[in-house]
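1. Give me the fold of what follows.
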Amino acid sequence: MRKTKIIATLGPASANEVSIRNLMLAGVNVFRLNFSHGSHDIHEASIGFIDKLNDELGMHVATLADLSGPKIRTGEVAGDSMMLIPGEEITFTIHNELCAHRTISVNYQGFALDVRPGEDILIDDGKLLLKVISSNETDQVIAKVVQGGLLTSRKGVNLPKTVLRLPSLSEKDLKDLDFIMTRNIQWVALSFVRSAADIEQLRKRIQAYSVKNPPRIIAKIEKPEAVQQAEAIINASDAIMIARGDLGVEIPQEQVPVIQKKFVRLSVAASKPVIVATQMMEGMITGMRPTRAEVSDVANSVMDGADALMLSGETSVGLYPVETVETMSRIISDVENSEVAYQDISHLENQERRISDSIIMAACDLARKVNARALIAMTNTGYSAFRIASHRTAAGIFIFSDNPKLLKSLSLVWGVTGTHFARFINTDTAMFDMRKSLISRGFVSKGDYIIYISSIPIGQPGKTNMLKLSTI
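-> Numbers count the residues shown, from 1 in each chain. Below is the predicted model:
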């Protein structure tokens with residue numbers, strides 16, 4: 001049973017009921033809705049398909065809404081084609097006009113105020129590089145082309161050496177949040193996070209909607225400021241996404257692998273799910289097989305300890321979305337079945353939940369010693385599930401809850417298999433029923449060791465205080 005989860009981005013190639021069904025059956029655990037593309041009507045339809053198929057197939061596949069964030073983009077290009085030649089000077093303007101005749105418009109009103117002479121302007125994921133010569137600090141910037149090429153419409157702009165005054169939530173993000181908060185969505189990703197304050201601002205806005213079981217927050221790591229404030233951002237967030245695309249443009253790309261390992265290690269130690277994203281299986285956008293380097297990238301991310309690996313263009317616009325998921329699933333399973341899959345993790349201190357954490361740590365240690373087949377827990381909040389998963393034991397993690405939205409949220413978490421369970425009469429009855437459920441589905445069999453983690457009295461949130469070792 002695969003433990004590392006797969007996130008698939010929906011788009012023109014996959015945002016239909018047949019494709020979503022096939023992707024779920026192929027092994028997708030979470031669907032990502034990219035709010036940088038697509039209308040609310042398109043996302044609404046996708047959510048409807050996911051909800052319908054979850055009910056029909058008896059699954060708990062989660063939905064992740066990825067906010068656009070304060071992304072700077074160029075404007076429309078006349079004829080959708082403008083050649084930038086090395087050595088020529090280009091004028092950047094904040095006015096909404098066509099890009100043509102050595103003039104490029106950008107959608108950020110503070111552009112000329114923020115950039116300084118000598119700083120770099122990178123366009124289209126770093127394919128084009130310009131060096132700032134001067135700024136009038138109101139509406140125009142003059143820059144020289146260093147690395148030229150073809151510019152087409154609405155390409156992303158990165159300013160790796162510039163301190164930006166952009167708000168963490170754009171006007172579009174706020175409109176998208178209004179939509180998200182009234183839909184069945186379990187996770188919200190915030191783009192271009194610079195500090196823990198950005199996460200706290202989004203959390204306050206989410207809390208203001210006063211909805212039951214609000215979506216949890218994923219901090220996307222793609223700015224150098226976020227790298228510098230790693231631990232604070234991890235503590236403020238519910239999960240982390242290492243978004244290697246923009247991150248590899250904003251910082252020297254040779255630093256990205258080490259930063260990936262750092263964030264995975266810190267996130268797992270803090271019991272926060274961590275996602276590795278961008279170009280994992282890029283070759284399968286147009287081909288039936290990934291490159292050897294892509295296979296190694298997926299395998300190394302699994303060995304790093306990531307909770308989930310994310311597919312972007314591979315499933316949103318690629319020719320082989322289902323085959324990509326199937327291939328990624330096989331790579332993950334092969335690594336997890338090897339001797340290098342599981343590692344001991346040092347956990348950060350959490351004084352507020354010492355009893356619960358001690359019970360969970362003891363259970364995971366015991367699972368290793370007796371080679372337990374299953375760690376079984378009931379949860380109201382998901383706390384036990386996140387903490388058990390962070391120990392990365394070989395035992396299966398089976399979480400029972402009467403909260404369907406929580407079970408969908410846990411589809412992002414490493415190793416967790418969620419089951420809807422509403423018969424919390426007493427501890428003995430619950431343990432009997434949970435064991436019966438696992439036996440009937442083939443997860444455990446005669447002779448297997450299983451470990452129960454629960455609270456006495458049953459159903460007390462945050463009061464995990466019981467551990468029981470049993471055999472089938």
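
2. give the contact list for the closest residue to residue 111 other than its chain neighbours.
-> Leaving aside its sequence neighbours, residue 111 sits nearest to residue 94 (CB to CB, 6 or more residues apart in numbering; 5.4 Å). (Each C-beta comes from the backbone N, C-alpha and C, glycine too.) Going by CB atoms under 8 Å, 6 or more residues apart in numbering, residue 94 touches 105, 106, 108, 109, 111, 112, 139, 140.

3. With respect to residue 385, which of the residues you listed is nearest?
-> The closest of the contacts of residue 94 to residue 385 turns out to be residue 108 (CB to CB; 40.4 Å).

4. That closest one and residue 72 touch, don't they?
-> Yes. Contact criterion CB atoms under 8 Å: residue 108 and residue 72 qualify, at 4.6 Å.

5. can you list residues touching both of the two?
-> Common neighbours of residue 108 and residue 72 (CB under 8 Å, 6+ apart) are 157, 166.

6. Can you dump the C-alpha atoms of stretch 444-457 in PDB for me?
-> Extracted in PDB, the C-alpha atoms of stretch 444-457 (Å, rounded to 0.1, in the frame of the first residue of the first chain):
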ATOM      1  CA  VAL A 444      -4.600  -7.100   8.200                       C
ATOM      2  CA  SER A 445      -4.700 -10.800   8.500                       C
ATOM      3  CA  LYS A 446      -4.300 -13.600  11.100                       C
ATOM      4  CA  GLY A 447      -1.000 -13.300  13.100                       C
ATOM      5  CA  ASP A 448      -0.500  -9.600  12.400                       C
ATOM      6  CA  TYR A 449       0.400  -7.300  15.300                       C
ATOM      7  CA  ILE A 450      -1.800  -4.200  15.500                       C
ATOM      8  CA  ILE A 451      -1.600  -1.200  17.800                       C
ATOM      9  CA  TYR A 452      -4.500   0.900  18.900                       C
ATOM     10  CA  ILE A 453      -4.200   4.500  20.000                       C
ATOM     11  CA  SER A 454      -7.200   6.100  21.600                       C
ATOM     12  CA  SER A 455      -8.600   8.200  24.500                       C
ATOM     13  CA  ILE A 456     -10.400   7.000  27.600                       C
ATOM     14  CA  PRO A 457     -13.100   8.000  27.900                       C
END
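
7. can you list the domains in the chain?
-> The record's domain split for the chain, according to automatic domain parsing, is 5-69+168-336, 72-158, 351-471.

8. which residues touch the residue lying closest to residue 70 once chain neighbours are set aside?
-> Take residue 70 and drop its neighbours on the chain: the residue closest to it by CB to CB, 6+ apart is residue 166, 3.8 Å away. Counting by CB under 8 Å, 6+ apart, residue 166 makes contact with 70, 72, 108, 110, 192.

9. give the contact list for the third one.
-> Residue 108 is in contact with 70, 72, 94, 157, 166, counting by CB under 8 Å, 6+ apart.

10. sorry, back to before: spell out the secondary structure type for the residue nearest to residue 70.
-> Recorded secondary structure, residue 166: coil (DSSP: H, G, I helix; E, B strand; the rest coil).

11. how close does it get to residue 245?
-> Noted for residue 166: a distance of 18 Å to residue 245, by CB to CB, to the nearest Å.

12. Could I get the buried residue list for stretch 34-42?
-> 34, 35, 37, 38 (16 or more other CB atoms under 10 Å).

13. what about the residue nearest to the third one when sequence neighbours are not counted, neighbour count?
-> If you skip the residues right next to it in sequence, residue 37 has residue 11 as its closest partner in space, 6.7 Å away by CB to CB, 6+ apart. Other residues near residue 11 number 21, with proximity taken as other CB atoms under 10 Å.

14. Check the contact between residue 11 and residue 311; I expect there is one.
-> No. Residue 11 lies out of contact with residue 311 (CB under 8 Å); the separation is 10.6 Å.

15. okay, and the common contacts of the two?
-> In contact with both residue 11 and residue 311: no residue, using CB under 8 Å, 6+ apart.

16. show me where the stretch 301-450 of the chain has helices.
-> Per DSSP state H, counting those that start in this stretch, the stretch 301-450 of the chain carries helices over the ranges 313-316, 321-336, 354-370, 383-390, 404-409, 427-440.

17. Format these as TSV; extra columns: mean neighbour count.
-> Formatted as TSV, the helices of the stretch 301-450 of the chain follow (neighbours: other CB atoms under 10 Å):
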stretch	mean neighbour count
helix 313-316	26
helix 321-336	21
helix 354-370	17
helix 383-390	25
helix 404-409	22
helix 427-440	15
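
18. Dump the ones you listed into a markdown table; add mean pLDDT and distance to residue 177 as well.
-> Formatted as a markdown table, those follow (pLDDT from 0 to 100; distance: least, CB to CB, whole Å):
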| stretch | mean pLDDT | distance to residue 177 |
| --- | --- | --- |
| helix 313-316 | 97 | 22 |
| helix 321-336 | 98 | 28 |
| helix 354-370 | 91 | 32 |
| helix 383-390 | 94 | 24 |
| helix 404-409 | 95 | 17 |
| helix 427-440 | 91 | 37 |
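
19. Distance to residue 204 added to those, as a markdown table?
-> Supplementary listing: the helices of the stretch 301-450 of the chain in a markdown table, determined by distance: least, CB to CB, whole Å:
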| stretch | distance to residue 204 |
| --- | --- |
| helix 313-316 | 31 |
| helix 321-336 | 36 |
| helix 354-370 | 27 |
| helix 383-390 | 22 |
| helix 404-409 | 20 |
| helix 427-440 | 37 |
